[in-house]
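Engineer: sequence and predicted structure, then a few things I'm wondering about:
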Amino acid sequence: MSAQVTETAHGSLGLGVDDLLAMHRTMLTARLIDEAALRQNRMGRAPFVVPVSGHEGCQIGTAWPMRPGIDIWVPYYRDLGVVLVAGMTPEQIFLGLFSKASDPTSGGRQMPSHWSSRGLGIVSHSSPISTQVPHAAGIAYAMKYRNEDGVVASWFGEGATSEGDWHEGLNIASIHRLPVVFICENNEYAISVPQSKQMAVADVASRAEGYGIPGFVVDGNDVLACFRVMKEAHDRARAGEGPTLIECKTYRFLPHTSDDDDKSYRSREEVEERRHHDPIERFATYLVDGGITDRAALQTVHDEVKTQVESAIKAAWDAPDPDPATATRHVFAEDDP
Amino acid sequence: MSAQVTETAHGSLGLGVDDLLAMHRTMLTARLIDEAALRQNRMGRAPFVVPVSGHEGCQIGTAWPMRPGIDIWVPYYRDLGVVLVAGMTPEQIFLGLFSKASDPTSGGRQMPSHWSSRGLGIVSHSSPISTQVPHAAGIAYAMKYRNEDGVVASWFGEGATSEGDWHEGLNIASIHRLPVVFICENNEYAISVPQSKQMAVADVASRAEGYGIPGFVVDGNDVLACFRVMKEAHDRARAGEGPTLIECKTYRFLPHTSDDDDKSYRSREEVEERRHHDPIERFATYLVDGGITDRAALQTVHDEVKTQVESAIKAAWDAPDPDPATATRHVFAEDDP
Amino acid sequence: MTEKNLVTAIHDTLHDEMAADDRVVLIGQDVGARGGVFKVSEGFMAEFGEQRVIDAPLAESGIVGVAIGMALHGLLPVAEIEFADFIHPAFDQILSEASRMRYRTNGDWGCPMVIRAPCGGGIHGALYHSQSIEAFYAHIPGVKVVMPSTPADAAGLLHTAIADPDPVLFLEHKKCYRLIKGDVPDVPQPTPIGQADVKREGTDLTVVSYGYELHRCLDAAARLEQDEGIHAEVVDVRSLAPLDTETILVSVRKTARAMVVYEDNRTYGAGAEIAATIAERAMFDLDAPIVRIGGPDIPAMPFAGALEHYYMEPEPDHILVAMRDLAHF
Amino acid sequence: MTEKNLVTAIHDTLHDEMAADDRVVLIGQDVGARGGVFKVSEGFMAEFGEQRVIDAPLAESGIVGVAIGMALHGLLPVAEIEFADFIHPAFDQILSEASRMRYRTNGDWGCPMVIRAPCGGGIHGALYHSQSIEAFYAHIPGVKVVMPSTPADAAGLLHTAIADPDPVLFLEHKKCYRLIKGDVPDVPQPTPIGQADVKREGTDLTVVSYGYELHRCLDAAARLEQDEGIHAEVVDVRSLAPLDTETILVSVRKTARAMVVYEDNRTYGAGAEIAATIAERAMFDLDAPIVRIGGPDIPAMPFAGALEHYYMEPEPDHILVAMRDLAHF
Ligand SMILES: Cc1ncc(C[n+]2csc(CCOP(=O)(O)OP(=O)(O)O)c2C)c(N)n1
Ligand SMILES: Cc1ncc(C[n+]2csc(CCOP(=O)(O)OP(=O)(O)O)c2C)c(N)n1
Ligand SMILES: [Mg+2]
Ligand SMILES: [Mg+2]
């Protein structure tokens, strides 16, 4: 059931010019936050950073059809782009990066990039990989049970597909034809482990057949292709046709985290080559070539986002740290104030 | 990659008359042990019985290409037929059923039908379902690492395929192209849970594609068809071509165990209908119609096996019980005498 | 009040909770047409439908993980693990997910859910249908662990557990299921989680226990009182986590002799925490060393009758002997 | 003798074991080209090849399960869990399989294997890269659990663990990796599993600890001796299972004052077993109640510096204060 999906003109997708520019701006916001976060890391102000660079196309593309306030987001740590679409602000991101008391994900308890916000419908995830996949199925079960119109989407890396929980979650979701979309951001590595040592197949999407659900491979660096395949999966989910497995082929430009040194496991030439498929630059070219915007306007966007990121950093940095006296709170509901 | 495999004449399989008769005798032995065990249960002498009836075709068929002394068996509790092929004797089976001190599987520690015998190359399994699947992969890894010619086969029910361990085991085995064959005895129920609530697909074998290995569906009530598909898988494993997933469609004629009452979850009509596809009767008809034996000779075999089972019961029943003073032994090797 | 056995009390309470609130759903293996292997959900599928009584695939981590998702989105799932021995594939979902959801989100999300698991030995279940699992789970901050030993407590604690905003592991000792009978209130009486219960008053020594062993202790206490005039106080822990240290300490300070009895493997078992707590906080109130009786440190009860008996009920009755010795120390 | 830090001692020992016996194979995430996230296997893949240094997929249960299979068929696998916090998906394989293989086959099969896991907090790892896991695993009959706190013990225990015919969980405290240095014998000196070690002799009180906390205890003991003339004896448990109760009891009987210090969540933690053992077997030798210091009962160390500090090193130094109070009791 897996099929190749290639670039498509935005018109047929129902995306207007405003949508396209907003998508581009969000991708750029993710990228500039990433770069700023790494600068903060080098300055000694952010002990731990999880880079997103390279994944912006598949993240913004697959997140865009989701409806904030109705649908539920079940992301993983690399999904800075996803949570921006869900409504998290750059300042909130940096509150998390600096583990401030008002960090919306955990009040500075979890590592940065462990997204969560009940208000935004973003479900908290932990560090153990793939545990969120059955959660997504369970939320979708509750939606169906309650006759809601919602859709759940869960994102994960290709490494995550090796865990038992991944299998169990997909199996249960497909048995009940639940309104959930599973999105694999396949960047070919799980930290240092290459895909060839992670699985014996070329495509994660080839696993869909074993669950009786549609599986698609899409170019993850093509934001519009990602949008299209997600839009269709989202529609199927709402129509009661059950889950879809989407595999976005992409690449991470930077080390796994700020603690990683990727030189031991992949060549600089490989990384350099992949940078030529930058999803942001590709989308910018599409927008300019299609006459939707021009380079000068894009530069203005760049400058605006940069300013926004800088002021987010400043505001977040000045926010108060968590009070150690709160460390024992919220183990149980009755500990809550 | 999944394909239908249907009945084949034995000639093309390299099976001689002796093989056929021995296969038939083994199937019958499994059946008569089963029936005798349930009688012992009703007599109050065997507190727990796991029936095999209905599975003899797929068990003897898939076990037959294995080479005792070279290959390693990783069965599950329903595999009475498999362990008979591996070399376990009826008396040993009843020593286990009566949990005697000389029970080869565990000295009366495990429930009956939790097969094990290091001498026979049968790996001990536990009650938790599917945990043995990664073991099979690990043994196959060791065989390959040590340049042995061996093959590992692991059997399990269709319910077992839902566990994370099943997925993880198949994935690792396929990554390393290990010499292991995975055999699903699909009897449509996991205790009471029907296949439709276990998975969203018609065939477990459809999962093979997601691991990049061949998957086959075979009529589990056709012992020769099971033999053929297993023989080919075994050959592929020895040739370094990696794992195969075989799904045998079969049915269990009796309740899940002697503790189960299957009337709550399947109709008597359904069970009655399935009994018409009895693998033993079918094979007997093949042998008689093909002029390999006649009904009188088969009756003689039946009587011989019955006598053998009766004397096995007697010998086993008279064997000594475990000594309570041994209960603390073998937690660690240094506790061993 | 109606007299019921323990398993009927659980069946009836679960039934009433499901009838009262359609957010309560049951998920587990064989809970549907089969009504559960111990018949706890007998008749439920017919009454509440397949949407609420969910026959799950053979995947404990998935069952707990899906229940977490349900709990996050407005349902009150009760996940049944067929035997407690099979809960371990879900250890990570319980430890890393259910128990930490509230803490790691600084109180933003929570997981109101119950995991039911029939545990314990003495029912000829061998190594994998006999285990005690409470020590592993009671050590996880963020999960509550209870084990009722009477029908009334089973009803009261299940009622409370379903209403609790946090995950509760609800352990049911299989040997008590049909053996233990008692009056159960006809209208639900919530039993608070985190409260031990003095099941028998006495003055000469304190015996702290729970589950099936509690009944063995009560039995020994009755015999000792009748035959030898020894008055043992028997405290039913009921809630392993949070542990009600106060009730235990009050009793121990009164009797000045303490004994802890549990079925699980002795070393690093739950009784260690109870004994340690007494040692730290009431040592100078004691007239004798603390006595701790746990199961042998072997995987679990073997199948063969003689071996199982060795584990479950060593002879002469070591509980009674230890109680007598402690009283006379 | 060569001075090394703890992680180098582990690297070197593992290297030598692999060089000496080709049945030893290493399996885990990122152990290959990356050399492990803590560089324990740096250079191994180049030296021993991909067959022996196996970069595993992201599947802990599969890793342990495959290692069990290897152990059953003649290899001596060393499975690396990237962080101890991620071992829990393998809980069932460890508990139900590795630990019970010998017992359930009446001694017929066995699982000679080592599972290495970097554990503990204080390295800014937040809730899921900081956990103490020893209490869960030490409670499983059939598994040995060790945690060295010095480079020499790390080398000696790893050597012994690989030679052991049964499964050994080898815990490495991450905070000790680079911080703790010491002399390591150039030829392997096996350290027996099941033996505690008196790391500092003293007469006034006994402090029982292990892992990183042991060093905090040693440090407090040194300061108390120098500043206040209090002589604390510090016992390094080293092997949680089997637990060397004799060494602990001998020390406690000598000093008549006992304290147990551990980093893990206090309640139902490993220190409970140690305290309970002392209470049962040496209570009348004690001049003061047993003192038990464990971590707070919160999931683990939060990420924010102030919160992590609250967990790891509360101020004023509560270990030192408690030692002083106990000495003066
Ligand atoms: C259960 C578990 N095992 C190991 C780890 C350590 N770990 C963190 S990220 C990672 C790789 C994840 O790879 P992938 O799923 O492909 O996502 P990516 O980081 O490439 O986006 C690993 C092994 C973990 N977090 N959880
Ligand atoms: C981990 C685990 N969960 C639940 C059980 C209880 N149980 C025993 S057998 C069984 C059904 C197995 O079904 P299947 O794999 O199809 O094999 P079959 O019995 O049909 O041959 C279940 C649920 C178990 N043994 N282990
Ligand atoms: Mg990846
Ligand atoms: Mg089945």
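Structural biologist: Arrived safely, thanks for sending. Numbers count the residues shown, from 1 in each chain, chains lettered A, B, ... in the order given. Ligands and ions are numbered 1, 2, ... in the order given.
Engineer: with adjacent residues omitted, what lies nearest to residue 169?
Structural biologist: Let's take chain A. Spatial nearest neighbour of residue A:169, chain neighbours left out: residue A:133 (3.4 Å); criterion: C-beta to C-beta, 6 or more residues apart in numbering or on different chains. The way it works is simple: take the backbone N, C-alpha and C, and place the C-beta from them, glycine included.
Engineer: nope, chain C
Structural biologist: residue C:145 (4.6 Å).
Engineer: separation between the residue nearest to residue A:169 and residue B:176?
Structural biologist: The spacing between residue A:133 and residue B:176, counted by C-beta to C-beta, to the nearest Å, is 25 Å.
Engineer: equivalent analysis for residue A:232, please.
Structural biologist: 36 Å.
Engineer: the more surrounded of the two?
Structural biologist: Shown here are residue A:232 and residue B:176; by other C-beta atoms under 10 Å in any protein chain shown, residue B:176 has more neighbours (21 against 17).
Engineer: wait, what's in contact with that one?
Structural biologist: Residue B:176 sits next to B:137, B:141, B:144, B:242 when contact means C-beta atoms under 8 Å, 6 or more residues apart in numbering or on different chains.
Engineer: what's near enough to touch the last one?
Structural biologist: Put plainly, it is residue B:242. Residue B:242 sits next to A:200, B:173-174, B:176-179, B:213, B:236 when contact means C-beta under 8 Å, 6+ apart.
Engineer: for chain C, what spans make up the helices?
Structural biologist: Along chain C, the segments classed as helices by DSSP state H run C:6-20, C:44-48, C:60-72, C:91-92, C:101-104, C:134-138, C:151-163, C:174-179, C:211-228, C:245-255, C:270-282, C:305-312, C:318-327.
Engineer: would JSON lines of those helices with mean neighbour count, distance to residue D:205 and mean pLDDT be doable?
Structural biologist: Listed next are the helices of chain C as JSON lines, based on neighbours: other C-beta atoms under 10 Å in any protein chain shown; distance: least, C-beta to C-beta, whole Å; pLDDT from 0 to 100:
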{"stretch": "helix C:6-20", "mean neighbour count": "21", "distance to residue D:205": "47", "mean pLDDT": "98"}
{"stretch": "helix C:44-48", "mean neighbour count": "17", "distance to residue D:205": "58", "mean pLDDT": "98"}
{"stretch": "helix C:60-72", "mean neighbour count": "31", "distance to residue D:205": "44", "mean pLDDT": "98"}
{"stretch": "helix C:91-92", "mean neighbour count": "28", "distance to residue D:205": "37", "mean pLDDT": "98"}
{"stretch": "helix C:101-104", "mean neighbour count": "28", "distance to residue D:205": "35", "mean pLDDT": "98"}
{"stretch": "helix C:134-138", "mean neighbour count": "26", "distance to residue D:205": "29", "mean pLDDT": "98"}
{"stretch": "helix C:151-163", "mean neighbour count": "24", "distance to residue D:205": "42", "mean pLDDT": "98"}
{"stretch": "helix C:174-179", "mean neighbour count": "20", "distance to residue D:205": "44", "mean pLDDT": "98"}
{"stretch": "helix C:211-228", "mean neighbour count": "20", "distance to residue D:205": "35", "mean pLDDT": "98"}
{"stretch": "helix C:245-255", "mean neighbour count": "19", "distance to residue D:205": "24", "mean pLDDT": "98"}
{"stretch": "helix C:270-282", "mean neighbour count": "26", "distance to residue D:205": "15", "mean pLDDT": "97"}
{"stretch": "helix C:305-312", "mean neighbour count": "20", "distance to residue D:205": "38", "mean pLDDT": "94"}
{"stretch": "helix C:318-327", "mean neighbour count": "19", "distance to residue D:205": "28", "mean pLDDT": "97"}
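Engineer: ok, residue C:265 touching residue C:301?
Structural biologist: No - using C-beta atoms under 8 Å, residue C:265 is not in contact with residue C:301; the gap is 10.9 Å.
Engineer: quick one, which of those two is more surrounded?
Structural biologist: Taking other C-beta under 10 Å, residue C:265 and residue C:301 do not tie; residue C:301 has more neighbours (28 against 21).
Engineer: so what's that one up against?
Structural biologist: C:121-122, C:125-127, C:130, C:307-308, C:311-312.
Engineer: tell me the one of the residues you listed nearest residue D:94?
Structural biologist: residue C:127 (15.0 Å; C-beta to C-beta).
Engineer: for the stretch 201-337 of chain A, what spans make up the helices?
Structural biologist: Along the stretch 201-337 of chain A, the segments classed as helices by DSSP state H, counting those that start in this stretch run A:223-238, A:268-275, A:279-289, A:295-318.
Engineer: hmm, the shortest one in reach of chain D?
Structural biologist: In this case it means helix A:268-275. No - applying C-beta under 8 Å from any C-beta of the partner chain, one finds helix A:268-275 separated from chain D by no less than 12.9 Å.
Engineer: in that helix, what's buried?
Structural biologist: Across helix A:268-275, burial judged by 16 or more other C-beta atoms under 10 Å in any protein chain shown covers A:271, A:274.
Engineer: distance to ligand 4 added to the helices of chain C, as CSV?
Structural biologist: As requested, the helices of chain C are exported to CSV (distance: least, C-beta to the ion, whole Å):
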stretch, distance to ligand 4
helix C:6-20, 26
helix C:44-48, 20
helix C:60-72, 17
helix C:91-92, 25
helix C:101-104, 34
helix C:134-138, 29
helix C:151-163, 31
helix C:174-179, 24
helix C:211-228, 32
helix C:245-255, 47
helix C:270-282, 36
helix C:305-312, 28
helix C:318-327, 42
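Engineer: for chain B, find the nearest of those.
Structural biologist: helix C:305-312 (4.0 Å; C-beta to the nearest C-beta).
Engineer: that closest one close to chain D?
Structural biologist: No - residues of helix C:305-312 are not located near chain D by C-beta under 8 Å from any C-beta, the shortest gap being 10.6 Å.
Engineer: widest-spaced pair of the contacts of residue B:176?
Structural biologist: Largest pairwise distance in the contacts of residue B:176, by C-beta to C-beta, is 11.9 Å, between B:141 and B:242.
Engineer: now the common contact residues for those two.
Structural biologist: Listed as contacting both residue B:141 and residue B:242 by C-beta under 8 Å, 6+ apart are B:176, B:178.
Engineer: which residues touch residue 69?
Structural biologist: Went with chain A since none was named. So residue A:69 contacts residue A:121 (C-beta under 8 Å, 6+ apart).
Engineer: other chain: chain C
Structural biologist: A:134-142.
Engineer: hmm, try it at 10 Å
Structural biologist: A:72, A:74, A:123, A:132-143, A:152, A:154, A:169, A:172-173, A:178, A:180, C:75, C:77, C:97, C:111, C:113 (C-beta atoms under 10 Å, 6 or more residues apart in numbering or on different chains).
Engineer: out of those residues, list just those in strands.
Structural biologist: If you go by DSSP state E, these have A:72, A:74, A:152, A:154, A:180, C:77 in strands.
Engineer: now, among those residues, which is nearest to residue B:84?
Structural biologist: Closest to residue B:84 out of these is residue C:77 (43.5 Å), distances taken as C-beta to C-beta.
Engineer: let me know the secondary structure of residue A:108.
Structural biologist: coil (DSSP: H, G, I helix; E, B strand; the rest coil).
Engineer: mind checking how far it is from residue A:321?
Structural biologist: Distance from residue A:108 to residue A:321, by C-beta to C-beta: 7 Å.
Engineer: again with residue C:326
Structural biologist: Residue C:326 is 52 Å from residue A:321, by C-beta to C-beta.
Engineer: domains in chain C, as residue ranges please.
Structural biologist: Using automatic domain parsing, the domain parsing of chain C gives C:2-184, C:197-327.
Engineer: which residues are in contact with residue C:266?
Structural biologist: C:272, C:292-297, D:139, D:141, D:273, D:276.
Engineer: out of those, list just those in strands.
Structural biologist: Among these, the members found in strands (DSSP E) are C:292-295.
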